[in-house]
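In: predicted coordinates and the sequence they were generated for:
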Amino acid sequence: MTQLDSASLGLLAEAVARLDEGFAGLPGQSPATPGAAEREALLAAAGRLQDNYPYFHPLYVGQMLKPPHPLARLAYALAMYINPNNHALDGGRASSQMEKEAVAEIGAMFGWDDCLGHLCGGGTLANFEALWVGRELRPGKAVAASSQSHYTHSRLSGVLGVPFVAVATDNIGRLDPADLERRLAGGEIGTVVVTLGTTAAGAVDPLPAVLELRERFDFRVHVDTAYGGYFVLADNLDTDARAAYDQVGRADSIVIDPHKHGLQPYGCGCILFRDPAVGRFYNHDSPYTYFSSDELHLGEISLECSRAGAAAVALWTTMRAMPLNRGGEFARSLERCRQAALALHAGLLERGHAAPLFEPELDIVTWALPAATASESSRRAHAMFDQAAAHDLHLAVAEFPRRLCEASGAIEQWDQDSLSCLRACVMKPDHLDWIPRILERLDAAAVELELA
Ligand SMILES: Cc1ncc(COP(=O)(O)O)c(C=O)c1O
């Protein structure tokens, strides 16, 4: 049975022919066609790529990986015939314009009509820009983020030479506003990172409570919603998550990754600033790149220089076919992901071999394996990871602090402070239909490991 789509390659050929028409007036040249050596090399690469987990398949629920939309893949490949560089309009005129349009629509999704933003390599770089602008506006002040925030926030703070403050979480992994308040009282925090959709558990930090604290303390609010951002469009979030997403527009900066839930190939992160005036921090002089236009070159508002214009073309094309509308096809597919997570969570609750940590807020499900001790439970999680893989079900193992695991009731005696748990990212639109088959495989693995 064929797993990978090659049927749409015909559409690519049609689009390449259309693109070609735009250059018909040029004197002829012979396009290079691959010969025997190129064929051998490409087929060798295909062979090498077989050594991968099947990321595109619904039985792959391990890392935070979502296959790009077929259209994004085709548009990216189409753009490769031009290979535009979105640093300057001179290097990528159409693709820069497409990036501006796509980014404006992402801003509008959060209620921002006049923000400053651009695409970049990914969430880490996008967060870097937000923390850097924060440092320029609050020199010498620290970055604060929850202990469940993405690990790069503390590392990026180190790169920027600013202190990092890890804020405690509640027992479902959300930033604890009371602990934040205590730390703000010291007056040393300049930027607070609020994560809407933590990487390990998909927890949604209480943005409204952080915004209330901003009334009393002077700090910037940066929302890292690299993974969770598009859920702002979903109509089936719980009350707390909905309240957080409803306030995103009050943040100072937002990071969202189209290469996570936005159906894009890797190399597509996005940073947005509410106040376009922060563009002044990017000011630089590049006499050899900006010569054909007085219009904004994206390199004038981004830290990176060369960037794949193809990423913007892929994003623009995908959004044209599936606009970012509440109630639209794209929003519905996110709602199905959350439904899938709730279905998996409910299925696990019924099983003796699994103890879910908490109800998923987005589409990541986490569970512990019941055992007498935390060390035995951790050992079982690793064994389950391997046994499920033998059934083609690919999970992830995630380490959680004791506090986040206690309510699951999985452990009788805590002989260590953290627990290895299982984690499933059910972020593919068809995951909802696959939950019964995922549970079947978990049951089979549990029987084989004598856990059920
Ligand atoms: C919340 C969050 N922020 C930042 C990142 C880093 O993004 P990237 O891997 O695109 O650099 C991730 C990655 O999973 C994430 O989940």
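Out: Perfect, I can see it now.
In: when you work out contacts or count neighbours from here on, use the C-alpha atoms and nothing else.
Out: Fine.
In: in the stretch 1-150 of the chain, where is pLDDT below threshold?
Out: Scanning the stretch 1-150 of the chain for pLDDT under 70 picks out no residues.
In: hmm, try it at 90
Out: 1-2, 28-33, 88, 90 (pLDDT under 90).
In: and this structure, which of its residues are near the ligand?
Out: 122, 123, 124, 150, 197, 198, 199, 224, 225, 226, 227 (Cα under 6 Å from any ligand atom).
In: strands - which of the residues you listed land there?
Out: Among the residues of the chain next to the ligand, DSSP state E puts residue 224 in strands.
In: so which of the residues of the chain next to the ligand comes closest to residue 379?
Out: Nearest to residue 379 among these, counting by Cα to Cα, is residue 199 at 22.4 Å.
In: tell me which other helices or strands the helix or strand residue 78 falls within touches.
Out: For residue 78, the host element (DSSP states H and E) is helix 70-79. With contacts taken as 3 or more Cα pairs under 8 Å, 6 or more residues apart in numbering; DSSP states H and E, helix 70-79 sits against helix 9-21, helix 309-321.
In: can you flag the buried ones in the residues of the chain next to the ligand?
Out: 122, 123, 124, 150, 197, 198, 199, 224, 225, 226, 227 (16 or more other Cα atoms under 10 Å).
In: surely the first one meets residue 259?
Out: Yes: counting by Cα atoms under 8 Å, residue 122 does reach residue 259; the two are 7.4 Å apart.
In: shared neighbours of the two, anything?
Out: Counting by Cα atoms under 8 Å, 6 or more residues apart in numbering, the shared contacts of residue 122 and residue 259 are 266, 267, 268, 269.
In: who's in contact with the closest residue to the last one other than its chain neighbours?
Out: Using Cα to Cα, 6 or more residues apart in numbering and skipping the chain neighbours, the partner closest in space to residue 269 is residue 122 (3.8 Å). Applying Cα under 8 Å, 6+ apart, we find residue 122 in contact with 257, 259, 266, 267, 268, 269, 270.
In: Provide the backbone phi and psi angles at the nearest residue to residue 198 once chain neighbours are set aside.
Out: Computed as Cα to Cα, 6+ apart, the closest residue to residue 198 that is not its neighbour in sequence is residue 149, at 6.0 Å. Reported as degrees, to the nearest 10, the phi and psi values for residue 149 are phi -70, psi 170.
In: what do you get for the one 10 residues further on?
Out: With angles defined as degrees, to the nearest 10, residue 159 shows backbone torsions of phi -60, psi -40.
In: cool, and the one 5 residues further on?
Out: Torsion angles at residue 164 (phi, psi; degrees, to the nearest 10) stand at phi -120, psi 130.
In: count of residues packed around it?
Out: By the criterion of other Cα atoms under 10 Å, residue 164 has 19 neighbours.
In: quick one, what contacts it?
Out: 142, 143, 144, 145, 153, 154, 157, 158.
In: you'd agree the second one is up against residue 187?
Out: In other words, residue 143. No: in this structure residue 143 lies outside contact range of residue 187 using Cα under 8 Å: 11.8 Å.
In: ok, those two, which is more surrounded?
Out: Ranked by neighbour count (other Cα under 10 Å), residue 143 and residue 187 place residue 143 first, with 27 against 13.
In: specify the local secondary structure of the more buried one.
Out: strand (DSSP: H, G, I helix; E, B strand; the rest coil).
In: how near is it to the ligand?
Out: Using Cα to the nearest ligand atom, to the nearest Å, residue 143 is found at 15 Å from the ligand.
In: in the sheet, who's paired with that residue?
Out: residue 164, residue 191 (DSSP bridges).
In: any stretches of the stretch 151-300 of the chain with poor pLDDT?
Out: 283-297, 299-300.
In: which parts of it are strands?
Out: For the stretch 151-300 of the chain, the strands defined by DSSP state E, counting those that start in this stretch cover 164-167, 189-195, 220-224, 253-256, 269-273.
In: next, the contact list for whichever residue of the stretch 151-300 of the chain sits closest to the ligand, please.
Out: At 3.9 Å from the ligand, residue 199 is the closest residue in the stretch 151-300 of the chain, using Cα to the nearest ligand atom. Residues in contact with residue 199 (Cα under 8 Å, 6+ apart) are 148, 149, 150, 227.
In: looking at those residues, which is nearest residue 294?
Out: Nearest to residue 294, judged by Cα to Cα, of the contacts of residue 199 is residue 227 at 35.0 Å.
In: surely the closest one is in contact with residue 254?
Out: No: under the criterion of Cα under 8 Å, residue 227 is not in contact with residue 254, lying 11.6 Å apart.
In: excluding chain neighbours, what is closest to residue 278?
Out: Nearest residue to residue 278, sequence neighbours excluded (Cα to Cα, 6+ apart): residue 133, at 7.2 Å.
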